[in-house]
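**Student:** Predicted model and sequence below, questions to follow.
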Amino acid sequence: MKQLIVITGASSGIGAAMAKAFSTKGHPLLLLARRIEPMQALQLENSLSISVDVTDATAMKQAIATAEEKFGPVGCLINNAGVMLLGQADVQEPAEWSQMLNVNVMGVLNGIHCVLADMKARKTGTIINVSSIAGRKTFPNHAAYCATKFAVHALTENIREEVAMDDVRMVTIAPGAVETELLSHTTNQDIKDGYADWKEVMGGVLAAEHIAETAVFAYEMPQNVCVREIVLAPTRQQP
């Protein structure tokens with residue numbers, strides 16, 4: 001059996017697309033998200049779906065232990081769960097900042113903490129963190145969201161340097177505009193409408209499957225090759 005792949009935020013969008021892509025490659029899967037029904041509906045072979053909030057480190061550790069009992073040690077963790085709540089700093093509710101920081105940053109760190117020590121001990125393993133092009137540059141109404149994604153870029157590179165001699169790979173995937181449910185979390189309708197207009201000007205955005213294919217590419221490189229960062233966006237996306 002191929003190595004176990006753990007995917008957070010696997011109930012829709014990029015996470016669900018990644019689950020399908022890695023399943024097609026013959027990998028057993030642990031799918032994690034708050035909503036369990038959409039993950040089970042994927043009906044993927046050799047997959048285990050568990051309802052977990054990534055901000056709950058204990059629950060994540062228990063879920064991973066359950067999957068490892070069945071499928072063996074984690075070969076790759078994909079930290080994909082995220083939330084995007086857009087707004088201006090003087091208007092947006094601070095509770096939305098806390099939610100993004102907890103999911104987008106602490107959720108990623110929780111996942112890493114669950115698997116990294118074992119990967120180092122085994123001298124193998126890959127962690128792929130799904131960030132955003134908003135982790136490399138700023139956008140209007142994105143201040144807090146950009147802060148979380150800049151953090152993902154920084155912590156991924158920092159840990160990569162720390163574990164390089166342990167043959168553990170740390171990968172950042174930074175997509176531009178993608179067709180997912182992410183924007184639906186934003187409460188400001190004007191911002192949503194402006195985003196929709198922007199997508200139309202670009203002639204469409206990336207499909208979740210494009211990000212999944214990118215993750216498979218990075219993972220399938222030989223273990224002594226670390227694709228540190230991949231940035232991809234619609235060709236017409238200028239910023």
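**Tutor:** Ah, there it is. Numbers count the residues shown, from 1 in each chain.

**Student:** in this protein, what spans have low per-residue confidence?
**Tutor:** For the chain, the stretches with pLDDT under 70 are 180-187, 195.

**Student:** 90 instead, please
**Tutor:** By pLDDT under 90, the weakly predicted segments of the chain are 1, 177-205, 238-239.

**Student:** ranges for the helices of it?
**Tutor:** Taking DSSP state H as the test, the helices found in the chain are 13-24, 37-41, 57-71, 94-100, 107-122, 143-163, 189-202, 208-220.

**Student:** Does the first one pack against any helices or strands, and if so which?
**Tutor:** Here helix 13-24 is seen to pack against strand 4-8, strand 29-33, helix 37-41, helix 208-220 when contacts are counted using 3 or more CB pairs under 8 Å, 6 or more residues apart in numbering; DSSP states H and E. Where you see a C-beta, it was placed from the backbone N, CA and C, and this is true even at glycine.

**Student:** what's the third one in contact with?
**Tutor:** When you say that, I think you mean helix 37-41. With contact meaning CB atoms under 8 Å, 6 or more residues apart in numbering, helix 37-41 is reached by Ala10, Ser11, Ser12, Ala16, Ala19, Leu31, Ala33, Ser47, Ser49.

**Student:** residues in contact with the first one?
**Tutor:** When contacts are counted by CB under 8 Å, 6+ apart, Ala10 touches Ala16, Met18, Ala19, Leu29, Leu31, Leu32, Ala33, Met39, Ser49, Asn80.

**Student:** Redo those residues as TSV? Include distance to Ile5 and neighbour count.
**Tutor:** Listed next are these as TSV, based on distance: CB to CB, whole Å; neighbours: other CB atoms under 10 Å:
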residue	distance to Ile5	neighbour count
Ala16	13	25
Met18	8	31
Ala19	8	26
Leu29	5	25
Leu31	9	30
Leu32	11	32
Ala33	15	24
Met39	13	25
Ser49	13	23
Asn80	11	29
